[in-house]
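J.: All I have is the shape, not the residue letters:
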């Protein structure tokens, strides 16, 4: 799988731009702030319907315009698929595949798969549990696009249940009619069990791949470990059995109901879980050096790429402003690891930051223009 053409209209800094790509490595070179990341962000948006930089769509639309359009041609097994997305903040986005409209924008998921690494990914190691949960959910959706709907359903139930906890009169006095809350407890348990089971399956499949990638990137820097820590507690069944997990969620929710009523928030569920990362015998967060943190964050993305490839159809690998942050040995090890991939898109401020074997086709990016120069 590779992106053969990208065309943007009023996306970020680009009134209009069109680029053609080939398999192998391509480098987007230009000063910071001139639009390199905007190009790979658009490709990532086609794959995920989200940005790795912002939480809402409004910043994606060029200032003074009402909508942005992203067109991306994807080649897979010799066949071309044209994906078109119309992004209109405040309204439902629209999608077409090979000129045919889709009922929902999320139906486009799966047409293109990408794995993107950016400096912000250090948060996977050093950041809050939310960052690691988001990583798992994005990978889960990339593997199985129907989980986009599962995650949306869970978030909707959680929002409505929290609103009920905050506004109900009995939340203040610790009593009253709990029948409405009971219904939302069941919804939370059902959707939460589905999401939790999917995460557990991803962690189990990802664990050995992360350890392997980290060993290469760090130059044999020690074993890694990944542990999924559920808000259900250590006694809960951490197996991807939907019925067992739903029963465990419902049981734990009933136990913490007094505290939930007092605080006005849901205290149990996948939204409270953590993915604990370790290097050797120590937690990565708070103990890993800067270089170790970079290697582990990169290993998570490389392992994600390997997992998606094993599932069928190698995703596009995007390395956004990565090499300038790495020492020479890590640059070389990363280059050797990713060079054989079907398509690697790289952004950098100067070409010298990119190892020679990854320089490939070169595009110069400056002042809202992108031009292929070799």
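T.: Happy to help now that I have it. None of these values were measured; they are calculated from a predicted model.
J.: For my notes, confirm residue 238 occurs in a strand.
T.: No. Read with DSSP: H, G, I helix; E, B strand; the rest coil, residue 238 is coil and lies in no strand.
J.: Give me the pLDDT for it.
T.: pLDDT, residue 238: 83.
J.: Count the neighbours of it for me.
T.: Neighbour count of residue 238, defined by other Cβ atoms under 10 Å: 19. For the C-beta atoms, the positions are set from N, CA and C on the backbone; glycine is no exception.
J.: Could you do residue 332 as well?
T.: 14.
J.: now swap in the one 5 residues further on and tell me
T.: When neighbours are counted by other Cβ under 10 Å, residue 337 registers 17.
J.: Name the SS class of it, please.
T.: Using three-state DSSP as the criterion, the local structure at residue 337 reads helix.
J.: and if you look at residue 276?
T.: Taking three-state DSSP, the label given to residue 276 is strand.
J.: Hmm, it is touching residue 286, no?
T.: No. Here residue 276 does not reach residue 286: they are 11.6 Å apart, not a contact under Cβ atoms under 8 Å.
J.: Would you mind telling me which of those two has the busier surroundings?
T.: A direct count of neighbours by other Cβ under 10 Å for residue 276 and residue 286 places residue 276 higher, at 14 against 8.
J.: Which strand residues bridge the more buried one?
T.: residue 227 (DSSP bridges).
J.: And this protein, split by domain according to the record?
T.: What automatic domain parsing lists as the domains of the chain is 1-113+313-374, 119-312.
J.: so which strand or helix has the residue most central in space within the chain?
T.: Among the residues of the chain, the one closest to the centroid is residue 138, at 3.8 Å (Cα atoms, centre = their mean). Using DSSP states H and E, residue 138 maps to helix 129-143.
J.: Buried residues, that helix. List them.
T.: In terms of neighbour count (16 or more other Cβ atoms under 10 Å), helix 129-143 has its buried residues at 131-143.
J.: if we look at that helix, which residues are touching it?
T.: 47-48, 50, 109, 113, 115, 123-124, 147-148, 151, 195, 198-199, 202-203, 206, 270-271, 273-275, 277, 300, 304, 307-308, 311, 315 (Cβ atoms under 8 Å, 6 or more residues apart in numbering).
J.: Provide the contact partners of stretch 288-296 at residue level.
T.: 122, 124-126, 210, 214, 217-218, 221, 224, 277, 279, 282, 284, 325-327, 330.
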